[in-house]
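Engineer: mind folding the following:
(chains A and B, ligands or ions: 2)
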Amino acid sequence: MAKRLTVTPSRCIGCRTCEIACAFSHPVGAPAGPPLPGLTRIRAFPVRPPERGIPVVCLQCDQAACAKVCPTAALQRDDQTGAILVHEERCIRCRACVWACPWGNVGFDGVRTQVYKCDLCGGDPQCARYCPSRALEQLD
Amino acid sequence: MIVNINGRDLLASPEETLLQVARRNGIPIPTLCEHAGLEPWGGCRLCVVEMTRGGTGPVRVVPSCLQPVEDGLRVETHTPRILRIRAVLLDLLLARTPDARRIQELALEHGVKRTSFVPRRDPDKCILCNICVRACAAVGADALGTAGRGAAGRISLPFGDDASACVGCGACALSCPTGAIEMTDRGSERRIWGRTFQRLPCPSCGAPTLTREHAAHLAGRSGLPAESFGACERCRREQASRLFLDLVGK
Ligand code: SF4
Ligand code: FES
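Structural biologist: Ligands and ions are numbered 1, 2, ... in the order given. Next up, the predicted model:
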């Protein structure tokens, strides 16, 4: 069994380091803010007080709505990592996946005109690597 | 099975096309109408190659995007004849769409700096690759087709102006390789194919999302209620976070 990106929201301190780690690991597309090189695929929503947060990231669902609605099979599960990946060359940009994901985890990059989502960084998710409070972990 | 391309013996599986085998092995073949997510169409003819069966039969010129592999095929992708065919095609396309960047680049690569035909008087950017038509069919709306022939060929709605099947998803405009299809979003309004659509407001923040017709179309295809498709990603995520917050306790 592949490792799994595991979220423990009760540990999240709302620092949003994960968002920055993600944007830096995907240096493509429209900048999310001036210092960031790319768009983030994870969000940590701050909840206060006290200082904490709730990370929201793709769950790589077993019955993934995004993959189901895609008319060109551009979203396919990678057997190695378990991530549902966007095969951009197959995408026709109808954005059905964006509207279908119940968790809002598929975005559309208007600059590249391309949908994007969490790809688990090829099996080594950088959000988990940089999360200081182990709210995000890559576990067996 | 084994096919030989430009003198190299290459392993291929029966469901592959010649173009796929070539691409997989880093052999460049120019294409315009090929799209990995759509059915091959074979319309642009830029991907033509020379092919011989068993090494002895007659040399045939075939579009590699449509040609299934067969054991023992011998293929040449860049003979003088093939390059000449591609140059003529690009010469014609350059007369049709002098402003399309992709055509300009490809033409130049094939030594065509200026078209030797009479350029079209009021050119658009459509290169008749049919990607929009096939994308629309894949979406399931099937609102587009082709009309006219030769130089008068164009992408068209049925009867020229019947946009009733269009759901305003924008896949045609966004997948067109030359940006030939006009789509404008202004506020909640989307204009495309001469029709004006209303984009549904996100129930939480009011930002415009997909068109009402696209939501209904997705609902029809998925069996889910149309409301499942109306929220923007930002608000969905925020809702998810609130759901998780409820689960872990405040
Ligand atoms: S409008 Fe664009 S996608 Fe459609 S046939 Fe013309 S060039 Fe191809
Ligand atoms: S790519 Fe083969 S005919 Fe267009």
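Engineer: and stretch B:193-205, does that touch ligand 1?
Structural biologist: No: residues of stretch B:193-205 are not located near ligand 1 by Cβ under 6 Å from any ligand atom, the shortest gap being 10.9 Å. The C-beta positions use only the backbone N, C-alpha and C, and glycine is treated the same way.
Engineer: measure that stretch end to end?
Structural biologist: 28 Å (Cα to Cα, to the nearest Å).
Engineer: and for stretch B:105-121?
Structural biologist: End-to-end distance of stretch B:105-121: 21 Å, with Cα to Cα as the criterion.
Engineer: which residues does that stretch contact?
Structural biologist: For stretch B:105-121, contacts defined as Cβ atoms under 8 Å, 6 or more residues apart in numbering or on different chains pick out B:30, B:32, B:46, B:83, B:86-87, B:90-98, B:151.
Engineer: buried ones among those?
Structural biologist: B:30, B:32, B:46, B:86-87, B:90-98 (16 or more other Cβ atoms under 10 Å in any protein chain shown).
Engineer: just these now: which is nearest A:Arg16?
Structural biologist: Of all the buried ones among the contacts of stretch B:105-121, B:Leu32 has the smallest distance to A:Arg16: 43.7 Å, by Cβ to Cβ.
Engineer: with adjacent residues omitted, what lies nearest to that closest one?
Structural biologist: Using Cβ to Cβ, 6 or more residues apart in numbering or on different chains and skipping the chain neighbours, the partner closest in space to B:Leu32 is B:Cys44 (3.9 Å).
Engineer: widest-spaced pair of the contacts of stretch B:105-121?
Structural biologist: Among these, B:Leu83 and B:Ala151 lie farthest apart (Cβ to Cβ), at 23.6 Å.
Engineer: closest to the centroid, which residue in chain B?
Structural biologist: Against the mean C-alpha coordinate of chain B, by Cα atoms, centre = their mean, the closest residue is B:Ile131 at 2.9 Å.
Engineer: with chain A instead?
Structural biologist: Central residue of chain A (Cα atoms, centre = their mean): A:Cys118, at 2.8 Å.
Engineer: run through the residues that contact that residue.
Structural biologist: Residues counted as contacts of A:Cys118 (Cβ under 8 Å, 6+ apart) are A:22, A:41-42, A:57-58, A:60, A:83, A:105, A:125.
Engineer: and if you look at B:Arg237?
Structural biologist: Here B:Arg237 is in contact with A:43, A:45, A:56, A:103-105 (Cβ under 8 Å, 6+ apart).
Engineer: just B:Asn6 next, same as before
Structural biologist: Listed by Cβ under 8 Å, 6+ apart, the contact set of B:Asn6 reads B:27, B:75-78.
Engineer: contacting ligand 1 as well, which ones from the contacts of A:Cys118?
Structural biologist: Restricting the contacts of A:Cys118 to those touching ligand 1 (Cβ under 6 Å from any ligand atom) yields no residues.
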